[in-house]
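Chemist: Got a predicted structure here, sequence first:
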There are 2 protein chains.
Amino acid sequence: MVSKPAPDATRRSERSRRAIYAAALALVGEVGYPKTTVEAIAARAGVGKQTIYRWWSSKADVLLEAFLDLAGQSAQAAGQAADAVPDTGDLAADLKAVLRATVDELFDPRFEVPARALAAEGVVNEQLGREVVAKLLEPQLQLYVARLRSAQDAGAVRADVDPRIALELFVSPLAQRWLQRSGPVSYAYTDTLVEYALHGIAPR
Amino acid sequence: MVSKPAPDATRRSERSRRAIYAAALALVGEVGYPKTTVEAIAARAGVGKQTIYRWWSSKADVLLEAFLDLAGQSAQAAGQAADAVPDTGDLAADLKAVLRATVDELFDPRFEVPARALAAEGVVNEQLGREVVAKLLEPQLQLYVARLRSAQDAGAVRADVDPRIALELFVSPLAQRWLQRSGPVSYAYTDTLVEYALHGIAPR
């Protein structure tokens, strides 16, 4: 794709924006959320504090946007659209593919270290936690909701199932093993979650 | 049950122990794990620092034991054994009952505030996180493993299912909604998790 060359000012802004994202993610991973300041982000990014406040109103805003950007990059790197769960018509295969890509992302140190710092703060800081959920987590979960609805239309998921709850059967176990380090994570593990969620653990 | 009266020294020790647990739980909820110190726990409990070091080697040890004690009390208050998932022969009913009791416990402020502080620290402090899992979380999860094994013997769960993974289909969604505040929690919600986990979301 050929894009229109950016004017100098836009190019400079884009460079500053990327430097600010990188600085914010690095700092929160190094010193934790409470000790990350807009001043320190500005200093590390080599911009003035006012440049940050021109675009964002708080460190929470900068960080949440930096994560959105990072998640978009990870999806691209995995060859996936960041805004949809694939729909090949094979629900099990589609869910397994997305969960495998999620495993890769969660354990990529560029993502894992800052994401843990943000998640830890969200557990005890209710306001930040709710922002993380509304801006980062829930939009991702809604992609599974859309895929499960399409599966309901196709008869692959029962019509009486609530997709917003159903997705948690395979998403939440991975989230917990990652967040709390409560068990090993592998593709075989996430594949198994999808199988159990679709077909249940009781005899058929 | 009539218990033998404790000698004075034992009674004093037991009183100190309870005061230390209460102080440790209150402090970690108020100031977070990093700022909780053995000195502050001792001061609040009205005992000398050496009393604490006589029984425990670190603040992590005190806190983990205080939580074990609290969890045991909660189970008793809910009229349940702390060391087993009930086995009435009706797997769905037994799982629903235990999850409902867990909902009550998670949202009881006496438990919730210190538990959030410990969970948040465990996310970023790997050593503490692994201790929390080994001493608090995994022993609880093993109670579900035992119940699912008994269900396998009774033919209510397929023999090829791994109970340690299967339990996560209903435990982890509740854990995530509690930890990350990613959705409302109710008995209807946990009942639904059990139904989906047992019977799957695909048509039967």
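Modeler: Done, it's in.

Chemist: what's near enough to touch residue A:20?
Modeler: Residues counted as contacts of residue A:20 (CB atoms under 8 Å, 6 or more residues apart in numbering or on different chains) are A:41-42, A:45, A:47, A:51-52, A:55, A:62, A:66. (Glycine included, C-beta is placed from N, CA and C.)

Chemist: again, only using 6 Å
Modeler: residue A:45 (CB atoms under 6 Å, 6 or more residues apart in numbering or on different chains).

Chemist: and the gap between it and chain B?
Modeler: Residue A:20 sits at a distance of 23 Å from chain B (criterion: CB to the nearest CB, to the nearest Å).

Chemist: Show me what counts as buried in the helix or strand harbouring that residue.
Modeler: Applying DSSP states H and E as the criterion places residue A:20 in helix A:8-31. Going by neighbour count (16 or more other CB atoms under 10 Å in any protein chain shown), the buried part of helix A:8-31 is A:16-17, A:19-29.

Chemist: Report the rounded mean pLDDT for it.
Modeler: Helix A:8-31 comes out with an average pLDDT of 89.

Chemist: Convert the C-alpha atoms of that helix to PDB, please.
Modeler: C-alpha atoms of helix A:8-31 as PDB (Å, rounded to 0.1, in the frame of the first residue of the first chain):
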ATOM      1  CA  ASP A   8       7.400  17.200   8.200                       C
ATOM      2  CA  ALA A   9       5.400  18.300  11.200                       C
ATOM      3  CA  THR A  10       3.200  15.200  11.100                       C
ATOM      4  CA  ARG A  11       6.300  13.000  10.700                       C
ATOM      5  CA  ARG A  12       7.900  14.600  13.700                       C
ATOM      6  CA  SER A  13       4.700  14.200  15.800                       C
ATOM      7  CA  GLU A  14       4.500  10.500  14.800                       C
ATOM      8  CA  ARG A  15       8.100  10.000  15.900                       C
ATOM      9  CA  SER A  16       7.400  11.700  19.200                       C
ATOM     10  CA  ARG A  17       4.300   9.700  19.700                       C
ATOM     11  CA  ARG A  18       6.200   6.400  19.200                       C
ATOM     12  CA  ALA A  19       9.000   7.500  21.500                       C
ATOM     13  CA  ILE A  20       6.500   8.400  24.200                       C
ATOM     14  CA  TYR A  21       4.700   5.100  23.900                       C
ATOM     15  CA  ALA A  22       8.000   3.200  24.100                       C
ATOM     16  CA  ALA A  23       9.100   5.300  27.100                       C
ATOM     17  CA  ALA A  24       5.800   4.800  28.900                       C
ATOM     18  CA  LEU A  25       5.800   1.000  28.400                       C
ATOM     19  CA  ALA A  26       9.500   0.700  29.500                       C
ATOM     20  CA  LEU A  27       9.100   2.800  32.600                       C
ATOM     21  CA  VAL A  28       5.900   1.100  33.900                       C
ATOM     22  CA  GLY A  29       7.700  -2.200  33.500                       C
ATOM     23  CA  GLU A  30      10.800  -1.000  35.300                       C
ATOM     24  CA  VAL A  31       9.400   1.000  38.200                       C
END
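
Chemist: Check which helices and strands the lowest-mean-pLDDT helix or strand in chain A sits against.
Modeler: Across the helices and strands of chain A, mean confidence by mean pLDDT, DSSP states H and E is lowest for helix A:59-77: a mean of 85. Here helix A:59-77 touches helix A:8-31, going by 3 or more CB pairs under 6 Å, 6 or more residues apart in numbering or on different chains; DSSP states H and E.

Chemist: what about residue A:117, distance to residue B:94?
Modeler: Look at residue A:117 and residue B:94: by CB to CB, to the nearest Å, they are 39 Å apart.

Chemist: the more surrounded of the two?
Modeler: Neighbour comparison, residue A:117 and residue B:94: the larger count goes to residue A:117, with 24 against 20 (by other CB atoms under 10 Å in any protein chain shown).

Chemist: For that one, list the residues it contacts.
Modeler: A:28-29, A:32-33 are the contacts of residue A:117 under CB under 6 Å, 6+ apart.

Chemist: Same question for residue A:63.
Modeler: Applying CB under 6 Å, 6+ apart to residue A:63 gives the contacts residue A:24.

Chemist: Any buried residues in the very next helix or strand once past the least confident helix or strand of chain A, and which?
Modeler: Going down the chain from helix A:59-77, the next helix or strand is helix A:91-106, by DSSP H and E. Within helix A:91-106, the residues scored as buried using 16+ other CB under 10 Å are A:91-92, A:94-99, A:101-103, A:105-106.

Chemist: CSV for the contacts of residue A:117, including distance to residue A:126?
Modeler: Below are the contacts of residue A:117 laid out as CSV (distance: CB to CB, whole Å):
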residue, distance to residue A:126
A:28, 18
A:29, 22
A:32, 17
A:33, 13
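
Chemist: how far away is the residue of chain A found nearest chain B from residue B:171?
Modeler: Of all residues in chain A, residue A:200 sits closest to chain B, at 3.1 Å by CB to the nearest CB. Here residue A:200 is placed at a distance of 16 Å from residue B:171 (CB to CB).

Chemist: Cheers, nothing more for now.
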